[in-house]
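What follows is a predicted protein model with its sequence.
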2 protein chains.
Amino acid sequence: MTEKTGPPGAPRRMRADAQRNVDALIKAARAVFDTSGVDAPAKEIADLAGVGVGTLYRHFPLRSDLVKAVVESGIDACAAAGPQLSAVHEPGEALAEWLRQYTEFLGTKRGLAPALHSGDPAYEALPGYFLEKVGPALTALLDTAAADGAVRDDVSAHDLLYAIANLCMPVPGEGPEYNQRMVALLIDGLRTPHQGVSSGD
Amino acid sequence: MTEKTGPPGAPRRMRADAQRNVDALIKAARAVFDTSGVDAPAKEIADLAGVGVGTLYRHFPLRSDLVKAVVESGIDACAAAGPQLSAVHEPGEALAEWLRQYTEFLGTKRGLAPALHSGDPAYEALPGYFLEKVGPALTALLDTAAADGAVRDDVSAHDLLYAIANLCMPVPGEGPEYNQRMVALLIDGLRTPHQGVSSGD
DNA sequence: GAACTATACGGAAAGGCTTTCCGGTTATGC
DNA sequence: GCATAACCGGAAAGCCTTTCCGTATAGTTC
């Protein structure tokens, strides 16, 4: 991230038009990513945002920084939903529903998941951010559900977050429902009391 | 694929040196992909194979064609292991072990899985090829296991193949064991008799 | 409200990678 | 051994990201 509203005591403040452009760029990027995928040329994004490429790169030195920014905004939204759900539903339900939403977020932004998993070191920090943001929420959901006996207790939030992120990778002939279905399958596994792969019939 | 040993009645035969170069290129590509990842410059591969880039592109017009060729050879190896395993182990075991090997294949070639799932239309045909090659073997394993009551019957070989391929995506801080563990979790889900995500207690 | 300065802007240039093209080379058939 | 057509290598073209720099403008001071 570049420079949001200055932290207390920060010597520099971002110029208003700059901030405006940053916002416009993130918004444009989100739109273009949806339309043309994350590999769309930077110029397309700059054009949509009504700025030059120079401006884009001023704020997001690496192309991947822009992707990161877009993802982070999505993550924040996800994180917010956690406590909310657990307030309304019972533990098992809350967990399942939260995972469903999470799956949807990742599945819808086609092309995002592949980029995140492209091995580009730029994205390595992202899951950490993700974990930091939603980890506590998910951990809480998991703990409650586990205490309730609804799920096994040997799978961490970390495990689950990554595994689901992987299961959300688009599959050529299939739509997001496929991903949902596979996540559901994984969750059924989660509900299995510790079977182990080769512990027999 | 380009032009293997001519099909019966094919009017053209590939020149000997051309065939040699094709082989060298695939071999070189496999090596380079292991070393520098699938995004390594084409020149690196051409150099290792001892040919010019022109030659590389003559045989593999798109960069992705080379990746495809490498993957296909890996797929063939996997396919061969299927019947062999089911001959030696009992159904459930055979399935689990096969999936384990499959996971290993995908997990080891880091960078390959991301490329395959990059959304590049060039790779869309690949899973089809995969399915065609190992689908029958896996289907057989699944059917036997299902008849045995060891696994549920509403998940197809197709579903599983893709889902596992996704779960094999590398995760920054983790090694292949992580992927194995998550695949195991999915398989536990497979062993659950049809629970459904939100039909819980 | 006008002038000044630092910050930000836009687009052109640079650099790198894939893909195309073409003159030279080499295998193959006579 | 010669003719011919397939093939080779590397240089050129094209596209994209990233850098650079002269110009415009927000914010500040008088």
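Okay, I see it. Numbering: from 1, shown residues only, chains lettered A, B, ... in the order given.

quick one: is the lengthiest helix in chain A near DNA strand D?
For chain A, the longest helix by residue count, based on DSSP state H, is helix A:63-88. Yes: applying CB under 7 Å from any atom of the strand, one finds helix A:63-88 touching DNA strand D at A:63-64. C-betas here are computed from N, CA, C, even on glycine.

what packs against that helix?
On a contact count with 3 or more CB pairs under 8 Å, 6 or more residues apart in numbering or on different chains; DSSP states H and E, helix A:63-88 meets helix A:16-36, helix A:42-49, helix A:91-108, helix A:112-116, helix A:125-147.

Apply 6 Å and report the result again.
In terms of contacts (3 or more CB pairs under 6 Å, 6 or more residues apart in numbering or on different chains; DSSP states H and E), helix A:63-88 is packed against helix A:16-36, helix A:91-108, helix A:125-147.

mind checking which of these is nearest chain B?
Nearest to chain B, of all the helices and strands packed on helix A:63-88, is helix A:91-108, at 4.9 Å by CB to the nearest CB.

I'd like the helices and strands packed on helix A:63-88 written out as TSV, with mean neighbour count and distance to DNA strand D added.
Output for those, formatted as TSV (neighbours: other CB atoms under 10 Å in any protein chain shown; distance: least, CB to the nearest atom of the strand, whole Å):
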stretch	mean neighbour count	distance to DNA strand D
helix A:16-36	17	3
helix A:91-108	21	22
helix A:125-147	18	16
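
mean pLDDT lowest for which of those helices?
Ranked by mean pLDDT, the helices and strands packed on helix A:63-88 bottom out at helix A:91-108, with a mean of 71.

how many neighbours does A:V88 have?
Residues near A:V88, counting by other CB atoms under 10 Å in any protein chain shown, number 10.

show me the contacts for the residue nearest to it when sequence neighbours are not counted.
Spatial nearest neighbour of A:V88, chain neighbours left out: A:A94 (7.4 Å); criterion: CB to CB, 6 or more residues apart in numbering or on different chains. The contact partners of A:A94, taken as CB atoms under 6 Å, 6 or more residues apart in numbering or on different chains, are A:85-86, A:141.

go again using 10 Å as the cut-off
A:A94 makes contacts with A:82-88, A:137, A:140-141, A:144-145, as judged by CB atoms under 10 Å, 6 or more residues apart in numbering or on different chains.

and if you look at A:K27?
By CB under 10 Å, 6+ apart, the residues touching A:K27 are A:45, A:48-49, A:70, A:73.

For the one helix or strand A:L160 maps to, which helices and strands make contact with it?
When elements are assigned from DSSP states H and E, A:L160 belongs to helix A:157-167. Contact analysis of helix A:157-167 by 3 or more CB pairs under 10 Å, 6 or more residues apart in numbering or on different chains; DSSP states H and E lists helix A:91-108, helix A:112-116, helix A:125-147, helix A:176-190, helix B:157-167, helix B:176-190 as its packing neighbours.

mind exporting that helix as PDB, just the C-alpha atoms?
The C-alpha trace of helix A:157-167 is given here as PDB (Å, rounded to 0.1, in the frame of the first residue of the first chain):
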ATOM      1  CA  ALA A 157      -7.300 -21.800  10.100                       C
ATOM      2  CA  HIS A 158      -4.100 -21.400   8.200                       C
ATOM      3  CA  ASP A 159      -4.400 -24.800   6.600                       C
ATOM      4  CA  LEU A 160      -8.000 -24.200   5.700                       C
ATOM      5  CA  LEU A 161      -7.500 -20.800   4.300                       C
ATOM      6  CA  TYR A 162      -4.900 -21.900   1.900                       C
ATOM      7  CA  ALA A 163      -6.500 -25.100   0.900                       C
ATOM      8  CA  ILE A 164      -9.700 -23.300   0.100                       C
ATOM      9  CA  ALA A 165      -7.900 -20.700  -1.800                       C
ATOM     10  CA  ASN A 166      -6.500 -23.500  -3.900                       C
ATOM     11  CA  LEU A 167      -9.800 -25.100  -4.400                       C
END
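
Can you give me the buried ones in that helix?
Residues A:157-167 are the ones in helix A:157-167 that count as buried (16 or more other CB atoms under 10 Å in any protein chain shown).

how close does the residue nearest to A:V88 get to A:G74?
Separation of A:A94 from A:G74 (CB to CB, to the nearest Å): 20 Å.

Tell me the secondary structure of A:E174, please.
coil (DSSP: H, G, I helix; E, B strand; the rest coil).

Would you mind giving both backbone torsions of it?
When read as degrees, to the nearest 10, the backbone of A:E174 gives phi -110, psi 160.

got the contact list for the nearest residue in space to it that is not next to it in sequence?
Spatial nearest neighbour of A:E174, excluding adjacent residues (CB to CB, 6+ apart): B:Y162 at 7.3 Å. For B:Y162, the contact set (CB under 10 Å, 6+ apart) comprises A:167, A:169-174, A:178-179, A:182, B:117, B:127, B:130-131, B:156.

ok, now which ones touch the residue in chain A that chain B sits nearest to?
For chain A and chain B, the shortest gap (CB to the nearest CB) falls at A:G189, measuring 3.1 Å. Going by CB under 10 Å, 6+ apart, A:G189 touches A:151-152, A:155, A:163, A:195, B:182-192, B:195.

likewise A:A40?
By CB under 10 Å, 6+ apart, A:A40 lies in contact with A:29, A:32-34, A:48, A:111.

How many residues are close by A:D188?
When counting by other CB under 10 Å, one arrives at 22 neighbours for A:D188.

Can you tell me the closest non-neighbouring residue to it?
Closest residue to A:D188 apart from its sequence neighbours, by CB to CB, 6+ apart: B:G189 at 3.9 Å.

Show the pLDDT at the one you found.
Looking at B:G189, its pLDDT is 76.

Quick check: the residue positioned nearest the centre of chain A vs B:T144, distance?
With distances taken as CA atoms, centre = their mean, the residue of chain A nearest its centroid is A:I75 (4.6 Å). A:I75 sits 43 Å away from B:T144, taking CB to CB as the criterion.
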